[in-house]
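Asks: starting from these lines, generate the structure:
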Amino acid sequence: HPVVRLEEVWRRSQCRPAERMVSVASERQGAVEWFFRPACVALRRCSGCCGDESARCEATATANVTLQVLLIRPLQDHRLEEMTFVEHTACECRIPSSQTRTPHRNGKKEPGVRRERKKHGRKPPSNAPGCPPCAPRHAHLYRQDARTCQCACKATDARCRRRGRVFNPHTCRCCARTH
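Replies: Now for the predicted structure:
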């Protein structure tokens, strides 16, 4: 079987509209006395991964599409009906509004909201152009080859030993020695 290259795997995983099977009943919750045929329809919906694990792939533009669906009421009647559904035409990774930082009235942060530490004078770490990030929340721990997109730890065993620490290759960090 052929191997799918990383570039293609990465492209397919991006946040974008993709065809999904959607239950007609879930889209038309008020019509409980009817059965729908087909029970599911193919609609384009936002799907994919975001570089920031706290972000969600959400629709930024939609369009209506009208499809013919057979409505069946058991032991009574059935009819062909044109039903309008919403399709997603553009998507974007967005951080849910419940996670955006808003100051509390007394100046303290709201409970359950984490504050990010700012590192003055440093630019945010970036992955090589066209490459998936090494580890979205810990990108600063890695260096990335722009040609192969391969990630390597910035810390090394020798560097950690010079500091009296032990290198952990799983986390790319220098850790305290355990005795």
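Asks: Cys46 - how many residues pack around it?
Replies: 21 (other C-beta atoms under 10 Å). Any C-beta I mention is one placed from the backbone N, CA and C, and that applies to glycine too.
Asks: now do the contacts for it.
Replies: 15-18, 57-59, 88, 91 (C-beta atoms under 8 Å, 6 or more residues apart in numbering).
Asks: what about the closest residue to it other than its chain neighbours, distance to Phe35?
Replies: Ranked by C-beta to C-beta, 6 or more residues apart in numbering and with sequence neighbours excluded, the top spatial neighbour of Cys46 is Cys91, at 3.8 Å. Cys91 is 32 Å from Phe35, where distance means C-beta to C-beta, to the nearest Å.
Asks: just the helices from the chain, written as ranges.
Replies: 6-13, 24-27, 157-162 (DSSP state H).
Asks: CA-only coordinates of the shortest one in PDB, if you can.
Replies: As requested, the backbone C-alpha atoms of helix 24-27 are provided in PDB (Å, rounded to 0.1, in the frame of the first residue of the first chain):
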ATOM      1  CA  VAL A  24     -31.600  15.300   9.000                       C
ATOM      2  CA  ALA A  25     -33.400  14.700  12.300                       C
ATOM      3  CA  SER A  26     -30.700  16.600  14.300                       C
ATOM      4  CA  GLU A  27     -31.100  19.500  11.900                       C
END
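Asks: now it: buried residues?
Replies: 24, 27 (16 or more other C-beta atoms under 10 Å).
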